[in-house]
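build me a model:
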Amino acid sequence: MEEALRALLLANSGVTDLVSTRVNIGRRPQDVSDLPAIILRKVSAPRDYHFTGATDLIESRFQCDCYGKTYGSAKLTARALMAAVNAYSGTQSGVAIQRISIDSERDNNETESGADRHLFNTSIDLLIWHDE
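Alright, predicted model coming up:
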């Protein structure tokens, strides 16, 4: 699912106009010149069950961190991400996505390690129902 979400974002010009191909899984590149950027992290992926057993559905929760050198840049990237995925359903990279919902949004900032620079980040939590 991680690769399908990354491909969905990279297929959206509103996202790529801001971040180019800087949509990464797991961790942010250390070079701050590579901002804005989006980092995808799977938080959980519980399976769906009914009385007779498991279905083929999974509800994955992703945390999508939108980093920027300024608050405005991080927020603009987050808005582009939300516009690209909100209520999406379809097939991406062979994964049948039933629906993507935006669950929450929060703003953060951090000091870059070993430097006197601050980074801004807007985190978006997505709930993605998809086939196994």
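
which helix in the chain has the most residues?
helix 71-85 (DSSP state H).

gap between that helix and the chain center?
Centre-to-centre, helix 71-85 and its host chain are 10 Å apart (C-alpha atoms, centre = their mean, to the nearest Å).

what's the helix or strand just after it packed up against?
Next along the chain after helix 71-85, taking DSSP states H and E as the criterion, comes strand 90-92. Counting contacts by 3 or more C-beta pairs under 8 Å, 6 or more residues apart in numbering; DSSP states H and E, strand 90-92 packs against helix 2-10. In short, each C-beta sits where N, CA and C put it, glycine included.

starting at the chain centroid, how far to stretch 68-79?
Mean-position distance between stretch 68-79 and its chain equals 14 Å (C-alpha atoms, centre = their mean).

let me know the pLDDT of the residue of the chain positioned farthest from its centre.
For the chain, the residue at maximal distance from the C-alpha centroid (C-alpha atoms, centre = their mean) is residue 52, at 33.2 Å. With respect to pLDDT, residue 52 scores 82.

mind listing what's buried along stretch 21-40?
22, 23, 24, 28, 35, 36, 37, 38, 39, 40 (16 or more other C-beta atoms under 10 Å).

off-centre distance for the lowest-mean-pLDDT helix or strand in the chain?
Each helix and strand of the chain was given a mean pLDDT (mean pLDDT, DSSP states H and E); the minimum falls on strand 47-50 at a mean of 72. With C-alpha atoms, centre = their mean as the basis, strand 47-50 stands 24 Å off its chain's centre.

so residue 105 is in which element?
Using DSSP H and E, residue 105 falls in strand 95-111.

sheet-wise, list the partners of that strand with their directions.
strand 90-92 (antiparallel), strand 118-131 (antiparallel) (DSSP bridges).

average pLDDT across the first one?
This points to strand 90-92. 96.

what's next to it, contact-wise?
Contact with strand 90-92 is made by 4, 5, 7, 8, 11, 97, as judged by C-beta atoms under 8 Å, 6 or more residues apart in numbering.
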